[in-house]
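# Just need the structure, nothing else, for what follows:
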Amino acid sequence: MLAPEGTVVLGISPQNVDSHERWIAKEDFQFPLLADVDKRVGTDYDVVGPPFGYRRSIFVIDREGIIRHRVVKLVGATWPKAKSIAEVIAELG
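So this is what the prediction gives:
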């Protein structure tokens, strides 16, 4: 499922750019994956947790920069379906 029109999708993790490039090529990842090696962004969003680094998280941020939807899970936890996230984005219009 594609993101609704006008939506920007980004991934971020604490691995370095070289690691991301290899993973993107291997998995045919469809959106940019940003490197937060110093975990500054993860700390700002309160998703850095020992011992693994980042907790699996999804944020929907509106045009004004306000977080409208937040899902934070433990590593390996189940995820919401892409359709449900797209519905949250569509509601923001």
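# Give me the contact list for the lowest-mean-pLDDT helix or strand in the chain.
When each helix and strand of the chain is scored by mean pLDDT, DSSP states H and E, strand 53-54 comes last, with a mean of 79. Residues from elsewhere that reach strand 53-54, judged by Cβ atoms under 8 Å, 6 or more residues apart in numbering: I12, S13, P14, D36, K39, G42, V47, V48. (Glycine included, C-beta is placed from N, CA and C.)
# Stretch 19-39 too?
Under the criterion Cβ under 8 Å, 6+ apart, residues 9-17, 41-42, 48, 53-54 lie in contact with stretch 19-39.
# and that stretch, average pLDDT?
Averaged over stretch 19-39, pLDDT sits at 86.
# likewise stretch 5-16?
83.
# OK, contacts around the spatially most central residue of the chain?
Residue closest to the average C-alpha location in the chain (Cα atoms, centre = their mean): G11, at 4.2 Å. G11 is in contact with F29, F31, P32, L33, L34, counting by Cβ under 8 Å, 6+ apart.
# Can you turn the buried part of those residues into a ChimeraX selection?
Buried subset of the contacts of G11, written as a ChimeraX selection, criterion 16 or more other Cβ atoms under 10 Å:
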select :33
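# Just name the closest of the contacts of G11 to R70, please.
Distances from R70 to the contacts of G11, taken as Cβ to Cβ, are shortest for L34 (17.9 Å).
# The closest one: which element?
Assigned by DSSP states H and E, L34 belongs to strand 33-35.
# do E21 as well
Assigned by DSSP H and E, E21 falls in helix 17-27.
# cool, G6 as well?
G6 is part of no helix or strand, with elements assigned from DSSP H and E.
# and the contacts of stretch 19-39, which of them are in helices?
V17, V41, G42 (DSSP state H).
# from these, which would you call buried?
If we count by 16+ other Cβ under 10 Å, the ones in helices among the contacts of stretch 19-39 have these buried: V41, G42.
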